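**Q** need the 3D shape of this:
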Amino acid sequence: MTAMRPHNTDGGLSRGLLFLMSVATGLAVAGNYFAQPLLDLIGRELGIGPSRAALVVTAAQIGYALGLILLVPLGDLVERRRLAMSLYAATAVFLLVSATAPNGTVLLVGTALTALTSVGAQVVVPFAATLAAPAERGRVVGTVMTGLMLGLLLARTASGALAEVGGWRTVYWVSAVLMALMAVLLRVFLPRLDGGDGGHQSYAGLLRSTVAMFRYEPLLRWRAGIGALSLASFSVLWTALTFLLAGSPYGWSESAIGLFGLAGAVGALTATVAGRLADRGYVQIVSGAGTVLLVASWWALAAGAHSLVWLLAGVVVLDLAHQAVLNSSQNVLYALRPEARNRINSAFMTSLFVGGAVGSALASAIWAHSGWTGVCVLGATLSAGTVVLWVLERITVDRATGEPSKVVRNLVRTPTIKGE
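**A** As a prediction, this is how the structure comes out:
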């Protein structure tokens, strides 16, 4: 039990608790992707057509977006351990709704509600950043985000394997049990942590101050734009990759395509390296290198149209670059306002989600008209946008300015002493 204590003797986050938080984020986000390779199987069993079965993916996207906007900021208003535990427990219940769904309508409702509360992962990430010692925050955030990205990338592989064993409902049953277990473990091992400076605001005021972060914090605007373009490029790859591998010259089966997520996992595992470099003061170098590598990865991916070696190399480099951009951006933003990390995370991750959704939509449209070549041009263009925004940020934002603007500070400050 002592291995799970919140802090090491040197004041940092213990390895046991960090591992638990990483696994928790991965399991939470994975639930939103389990259904994607199973849509045909689900549709046949529930008697719904392909177009309606595809709405399961849409329901997950809508639910997750609403959760980012409406639930994540609550971490600055209420006690964070209770919030995280409640969201994980609710996710377990909603997964059971999907597991027992008698028809497509119930499955859609269960999927949307599951995605809504699965943003508990985005409560755990700033929670870990708050518990970490300042000198190790980059490594801690990188480790937790590695868990999240592994959950995202490996969800399809895991769901395909579980479905072959016991049908598509098995995926939801297993996930529900694991999420319930995570809720219990988080309740037992997470320390009590009060909300930030939002505790004296109404819920509506909390949401207004989240939007205000965009208005008055230039670093948030720049990093939100960089992150959105990075995730858009990431989504372009993973949306179109299925089409490429299923067609000529590869002709892979669905199970083989699912295993390709393991290649992406290699890139995701490098997030802790980016975090350690950020801890050593190289956060801007990590950001810049990440944006350049994003562009370079698409040259390899373009060659991957007829070469598996180049395709694998491009996937690994792109995932590595995206992790570098994401992790370094989180380190920059979490340093702005420690007492408002959940609102900053809500604003940042909502921007990323929009970028990812747009990237997926564009990839499908471009593939239909221009094939893999068009997809690679699209991905490279979006990646080049991250380089441009990063350069503009460096030019226009004083890198020595780390404090939030006075306007935001006055908008969301906590009155501590009457008459202060």
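**Q** any stretches of the stretch 1-150 of the chain with poor pLDDT?
**A** 1-12 (pLDDT under 70).
**Q** can you check the stretch 151-300 of the chain too?
**A** For the stretch 151-300 of the chain, the stretches with pLDDT under 70 are 195-200, 254-255, 258, 267, 270-271.
**Q** hang on, isn't Ala305 packed against Phe243?
**A** No: using CB atoms under 8 Å, Ala305 is not in contact with Phe243; the gap is 11.6 Å. The C-beta positions use only the backbone N, C-alpha and C, and glycine is treated the same way.
**Q** overlap in contacts of these two?
**A** Taking CB atoms under 8 Å, 6 or more residues apart in numbering as the contact criterion, the common neighbours of Ala305 and Phe243 are Trp372.
**Q** quick check, pLDDT for the nearest residue to Cys376 once chain neighbours are set aside.
**A** Excluding its sequence neighbours, the residue lying closest to Cys376 (CB to CB, 6 or more residues apart in numbering) is Ala302, at 4.2 Å. Reported pLDDT at Ala302 in the predicted model: 96.
**Q** residue contacts, Ala302?
**A** So Ala302 contacts Gly314, Trp372, Thr373, Cys376, Ala380 (CB under 8 Å, 6+ apart).
**Q** filter these to the buried ones?
**A** Gly314, Trp372, Cys376, Ala380 (16 or more other CB atoms under 10 Å).
**Q** most widely separated two among these?
**A** Pairwise distances across these peak at 12.4 Å for Trp372 and Ala380 (criterion: CB to CB).
**Q** re the thing from before, a markdown table for the contacts of Ala302, including distance to Ile366 and secondary structure?
**A** Below are the contacts of Ala302 laid out as a markdown table (distance: CB to CB, whole Å; DSSP: H, G, I helix; E, B strand; the rest coil):
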| residue | distance to Ile366 | secondary structure |
| --- | --- | --- |
| Gly314 | 17 | helix |
| Trp372 | 10 | helix |
| Thr373 | 9 | helix |
| Cys376 | 10 | helix |
| Ala380 | 12 | helix |
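**Q** just say helix, strand or coil for the residue nearest to Cys376.
**A** When classified by DSSP: H, G, I helix; E, B strand; the rest coil, Ala302 comes out as helix.
**Q** now the buried ones among the contacts of Ala302 as JSON lines including distance to Gly205?
**A** Below are the buried ones among the contacts of Ala302 laid out as JSON lines (distance: CB to CB, whole Å):
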{"residue": "Gly314", "distance to Gly205": "46"}
{"residue": "Trp372", "distance to Gly205": "49"}
{"residue": "Cys376", "distance to Gly205": "46"}
{"residue": "Ala380", "distance to Gly205": "42"}
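**Q** among these, which one lies nearest to Val325?
**A** Ala380 (15.1 Å).
**Q** contacts only, for Tyr203.
**A** Neighbouring residues of Tyr203 by CB under 8 Å, 6+ apart: Leu74, Leu77.
**Q** looking at it, Ala112 is touching Ala65, isn't it?
**A** No: if you go by CB under 8 Å, Ala112 and Ala65 don't touch, sitting 10.5 Å apart.
**Q** list the residues that contact both of those two?
**A** With CB under 8 Å, 6+ apart, Ala112 and Ala65 have no common neighbours.
**Q** ok, these two, which is more surrounded?
**A** Ala112 (22 against 18; other CB atoms under 10 Å).
**Q** tell me which stretches of the stretch 151-300 of the chain form helices.
**A** 168-189, 203-216, 218-246, 254-259, 261-268, 271-279, 283-303 (DSSP state H, counting those that start in this stretch).
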